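Student: below: sequence and its predicted model.
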Amino acid sequence: MHEPHALLPWLEPPGGGLRRLRAAIAEQAYSTPHRHRSRRLALIGAGLAMTVTIGALVLPGIWHRQQQSRAFAAAIAAALAGPKKDIVVADGAALAIHSDRPDIRVYLVTTKAYAESERAPAPSRL
Amino acid sequence: MALREDALYASYRRLEKPLFNVLYRQLWQTQDCQDLIHDAYLRIWERREDVEPPTLDALVWTTALNLAKNRLRWRALRRFEPLSEEMGMLAEQGEQDFLATRQLHRALRQLPRVSQQVLLLSEFSGLRDAEIAGVLGIPAGTVASRKHAARARLKELMELTIHA
């Protein structure tokens, strides 16, 4: 009575399946290059924006540090070239050296032994 | 050689009805079956560069059965049961009455999954035993015995439900 052929009769699938598949593939074919192009443009835009942002954040700092380094080097050069009378001992630890610029103070820090040898008169040979 | 569009459509025309019949006896929902066949073909089309045309039909079967398995797992997680009205398709087409369809649904669910698929594929797919084995990933030598056992068990279950 219950043979599989009788239990499992053939059914007709609803229509329109192939048309739907064709439409989906056609849409995919149309949208894929568009999607790729817009994705590429978005990536380029994001890359540019990131570069500009990083530049805006980092470049002023670099420029400022370079300015400071130049000013510092100039102050040291001026101090070393300046007259000896401008060299004073500050707190017995460091020599305040003449600086051309009012906003920069220059100190020369040495070891104690070196400072004493500089201060002590050279032993005379008899 | 990559898959061509006309070969894909030819395969769809060839397999739509067998696929629908196998999937319907697993999912028992017309729309789900149609969506699943559509998705299987779209997935294959997306990988068309890697598809060898002679293996297309077997690949369609494997993809569709895997999608059906995922769908059934999804339903099990959500305790989803197809509406009874959905099973009326057989009755609508004048092939079986509604009660017999429900009995068949219950009986098929009681079969082990692989046996159920072997039975359905041998009834509807037109594939040979070795091809069914390839699609399901089981030893070729076991297809005939599984098919025989599944038919006998289905018959037994249907008679049990009638006499219950």
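Tutor: Looks like it arrived, so ask away.
Student: packing partners of the helix or strand residue B:132 falls within?
Tutor: Taking DSSP states H and E as the criterion, residue B:132 maps to helix B:129-136. With contacts defined as 3 or more CB pairs under 8 Å, 6 or more residues apart in numbering or on different chains; DSSP states H and E, helix B:129-136 has these neighbours: helix B:56-77, helix B:113-124, helix B:143-163. (Each C-beta comes from the backbone N, C-alpha and C, glycine too.)
Student: can you list the buried residues in stretch B:31-46?
Tutor: Buried residues in stretch B:31-46, defined by neighbour count with 16 or more other CB atoms under 10 Å in any protein chain shown: B:32-42, B:44-45.
Student: then stretch A:23-34?
Tutor: If you call a residue buried by 16+ other CB under 10 Å, then stretch A:23-34 has these buried ones: residue A:25.
Student: what's the answer for stretch B:108-125, then?
Tutor: B:108, B:111, B:115-125.
Student: how far is that stretch from where the chain is centred?
Tutor: Its chain's C-alpha centre and that of stretch B:108-125 lie 8 Å apart, by CA atoms, centre = their mean, to the nearest Å.
Student: most neighbours per residue, which of the helices and strands packed on helix B:129-136?
Tutor: helix B:113-124 (a mean of 21; mean count of other CB atoms under 10 Å in any protein chain shown).
Student: with just CA atoms, put that helix into PDB.
Tutor: Presented in PDB, the C-alpha positions along helix B:113-124 are these (Å, rounded to 0.1, in the frame of the first residue of the first chain):
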ATOM      1  CA  ARG B 113      19.200  12.100   8.500                       C
ATOM      2  CA  VAL B 114      21.600  10.400   6.100                       C
ATOM      3  CA  SER B 115      19.000   7.600   5.400                       C
ATOM      4  CA  GLN B 116      16.300  10.200   4.800                       C
ATOM      5  CA  GLN B 117      18.600  12.000   2.300                       C
ATOM      6  CA  VAL B 118      19.600   8.800   0.500                       C
ATOM      7  CA  LEU B 119      15.900   7.900   0.100                       C
ATOM      8  CA  LEU B 120      14.900  11.300  -1.200                       C
ATOM      9  CA  LEU B 121      17.900  11.600  -3.500                       C
ATOM     10  CA  SER B 122      17.300   8.200  -4.900                       C
ATOM     11  CA  GLU B 123      13.600   9.000  -5.500                       C
ATOM     12  CA  PHE B 124      14.000  12.400  -7.100                       C
END
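Student: what angle do it and helix B:56-77 make?
Tutor: 130 degrees (axes from the mean of the first three to the mean of the last three CA atoms, to 10 degrees).
Student: packing partners of helix B:113-124?
Tutor: Partner elements for helix B:113-124 (3+ CB pairs under 8 Å, 6+ apart): helix A:4-7, helix B:5-27, helix B:129-136, helix B:143-163.
Student: how about those, which one is nearest residue B:53?
Tutor: helix B:5-27 (5.2 Å; CB to CB).
Student: report the buried residues of that closest one.
Tutor: B:7-8, B:11-12, B:15-16, B:18-27.
Student: distance to residue A:50 for the helices and strands packed on helix B:129-136 - can I get that in CSV?
Tutor: Converted to CSV, the helices and strands packed on helix B:129-136 look like this (distance: least, CB to CB, whole Å):
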stretch, distance to residue A:50
helix B:56-77, 39
helix B:113-124, 52
helix B:143-163, 59
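Student: lowest average confidence across those helices, which one?
Tutor: For the helices and strands packed on helix B:129-136, the weakest mean pLDDT is recorded on helix B:143-163, namely a mean of 86.
Student: tell me the angle of it relative to helix B:129-136?
Tutor: 80 degrees.
Student: could you find the closest non-adjacent residue to the spatially most central residue of chain B?
Tutor: Nearest to the geometric centre of chain B sits residue B:22, at 2.9 Å (CA atoms, centre = their mean). In space, and not counting its chain neighbours, residue B:22 is closest to residue B:120: 4.5 Å by CB to CB, 6 or more residues apart in numbering or on different chains.
Student: picking that back up, nearest to residue B:149 among the buried residues of stretch B:31-46?
Tutor: residue B:33 (26.0 Å).
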